[in-house]
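*Asks:* Next one to model:
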Amino acid sequence: MHFAIIARVLGILLITFSLTMLTPVFVAYLYAENTSQTFLLAFAITLFVGVLFWFPSRNHSGGLRTRDGFLVTVFFWLVLSSFGALPLMLSDAPHLSFMDALFESISGLTTTGATVMSGLDTLPKSILYYRQQLQWLGGIGIVVIAVAILPMLGVGGMQIYRAETPGPMKDSKLTPRITETANVLFRIYLCLTVACALAYWAAGMSGFDAISHSFSTVSIGGFSTHDASMGFFNSGTIMSICALFMVISGLNFALHFHVWHSRRPSFYWADPEARMYIYLLLVGALITCLYLYYSGTYGWDKSISQGIFQLISIMTTTGFTTSEFHSWPSFLPFFLLFLSFFGACAGSTGGGIKIGRMLILAQQGIREIYRLVHPNALLPIKIRNRTVPARVVDAIWAFLGVYLAIFYLMVLLLLASGLDYTTAWSATAAALNNLGPGLGAVATNYADIGGFAKWVLCWGMLLGRLEIFTLLVLFTPTFWRN
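*Replies:* Residues are numbered from 1 along each chain as shown. Model (predicted):
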């Protein structure tokens, strides 16, 4: 284990992250708020610790090995989430406890969107902007790590994607060097954010709200600057823009690059994962809209607008709301949460098990049925005429088994903390799928659940974001042996 190199990388991450705490200072100045000292103090603490990590190991050189990469990937969220909690603890409003601040910070950086905060409309804009910025930074971190780093470590959804997809993506990297890959991904991510912000602004949002919500839309985070979330704006145009960018951000960013590089939008439909993603969105939206109408919840027009928006928001694991969907007929809230397990595509900012895995699991299920009739037949699983390696299929089954085991372990722990089953089940789904909103006692926010439950959900958010095995491997003795 190259601890010196790991320390240097973590130091650079913290130093870079400390600089992002200066932008809320500008927002505080712009709106004449007294929060500047809070962010400057958090900046100084984070910068100091970053230098402590970096300075002793600044002259160490060499590449990261696979095990080093696991540690850096995990500490990316652990360390940054811990220091990201500082402004929320130090500020007079909201002045959260350590547990609540850490929960909010982890939720932001993992783009989960679960919150313990209320009264958002009265909070300083610099604090609101900081929350949105956490999600935006977490989103680009997810994309770069999922597409450029995790495939080299042998884990993550992109392992599946590179087995399925031809062209530059099949070799794990979009360009010959990781730095170039990260640069290309960042430019795509930034362009989507700018386009989203301009569209929001043109549709009637203020400049502040447009920028803030573009951060949480493209990152598929779901934080808002208003308690009513997207429902605050009461605009069909804004809902349509939001739905469009949620769908776009739920697609694989490697696929975005492939389309941009080749100038062939048809590649979106040619990709089997993207195609299954669109099919699920369409079928899910149809079921939701029809059920809302025939159950008498809304009229036809509102059933379409609310149903489509809420389905896209929940299935892509964004978590924006325009109405209290938890009060809809009980089938629909659970149906929407069920679809969040499918989530978005591999290599996107979305959560869930990922569409790519579900696609291969479906083919594996069909193959086993055929084998009952033809037990000696050779029936390889193919994606775009390419055989999926048995190693990938085995990894998917292992992932699903561990995912479900962790899910029900978390449910049991939350039940032991005193929560009812609906709250425990939905909160676990919201955390592990990086979704955000839940049902029952967490339908509005997570402020009223106990500290133990919040710790469980924090680990759930991290496990979901790190694709389970990336975090669990650190707890195995083999990982630490030389």
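
*Asks:* Could you report the separation of residue 19 from residue 246?
*Replies:* 29 Å (C-beta to C-beta, to the nearest Å). No exception for glycine: its C-beta is placed from N, CA and C like everyone else's.

*Asks:* So those two - more neighbours on which side?
*Replies:* The neighbour comparison of residue 19 against residue 246 (other C-beta atoms under 10 Å) goes to residue 246, with 27 against 12.

*Asks:* I'd say the more buried one and residue 313 touch.
*Replies:* Yes: Residue 246 is within contact range of residue 313, at 6.4 Å (criterion: C-beta atoms under 8 Å).

*Asks:* shared neighbours of these two, anything?
*Replies:* Counting by C-beta atoms under 8 Å, 6 or more residues apart in numbering, the residues touching both residue 246 and residue 313 are residue 320.

*Asks:* Show me the shaky parts of this structure.
*Replies:* 1, 61-64, 143, 145-179, 482 (pLDDT under 70).

*Asks:* my read: residue 34 touches residue 28, true?
*Replies:* Yes: at 7.5 Å, residue 34 counts as touching residue 28 under the criterion of C-beta under 8 Å.

*Asks:* Which one's more surrounded, these two?
*Replies:* A count of neighbours by other C-beta under 10 Å puts residue 28 above the other of residue 34 and residue 28, at 23 against 12.

*Asks:* can you tell me the helix or strand for the more buried one?
*Replies:* Using DSSP states H and E, residue 28 maps to helix 23-30.

*Asks:* Identify the residues contacting that helix?
*Replies:* Here helix 23-30 has contacts from 33-36, 39-40, 43, 87, 124-127, 129-130, 133, using C-beta under 8 Å, 6+ apart.

*Asks:* Drop anything exposed from the residues you listed.
*Replies:* Neighbour-count burial (16 or more other C-beta atoms under 10 Å) applied to those gives 33, 35-36, 39-40, 43, 87, 124-127, 129-130, 133.

*Asks:* Return the backbone torsion pair for the most far-flung residue of the chain relative to its centre.
*Replies:* Of all residues in the chain, residue 376 has its C-alpha farthest from the mean position, at 42.1 Å, by C-alpha atoms, centre = their mean. When read as degrees, to the nearest 10, the backbone of residue 376 gives phi -100, psi 0.

*Asks:* could you measure it against residue 382, distance?
*Replies:* 19 Å.

*Asks:* So what does residue 114 look like in phi/psi?
*Replies:* Per degrees, to the nearest 10, the backbone of residue 114 is at phi -70, psi 140.

*Asks:* Touching, it and residue 434? I think so.
*Replies:* No: using C-beta under 8 Å, residue 114 makes no contact with residue 434, being 9.0 Å away.

*Asks:* And those two? Which one has more around it.
*Replies:* residue 434 (33 against 29).

*Asks:* Helix or strand: which one has the residue lying closest to the more buried one once chain neighbours are set aside?
*Replies:* Nearest residue to residue 434 in three dimensions, chain neighbours excluded: residue 351, at 2.9 Å (C-beta to C-beta, 6 or more residues apart in numbering). Per DSSP H and E, residue 351 falls between elements, in no helix or strand.

*Asks:* Also residue 406?
*Replies:* helix 390-416.

*Asks:* For that helix, buried residues please.
*Replies:* Here helix 390-416 shows 392-393, 395-396, 399, 403, 406-407, 410-411, 413-415 as buried, counting by 16+ other C-beta under 10 Å.

*Asks:* can you count the residues close to residue 266?
*Replies:* Residue 266 has 9 neighbours, counted by other C-beta under 10 Å.

*Asks:* State the distance from it to residue 346.
*Replies:* 20 Å.

*Asks:* Now do the buried residues in stretch 20-27.
*Replies:* Across stretch 20-27, burial judged by 16+ other C-beta under 10 Å covers 20, 21, 24, 25, 27.

*Asks:* now residue 270, nearest residue through space, not along the chain?
*Replies:* Nearest residue to residue 270, sequence neighbours excluded (C-beta to C-beta, 6+ apart): residue 384, at 7.7 Å.
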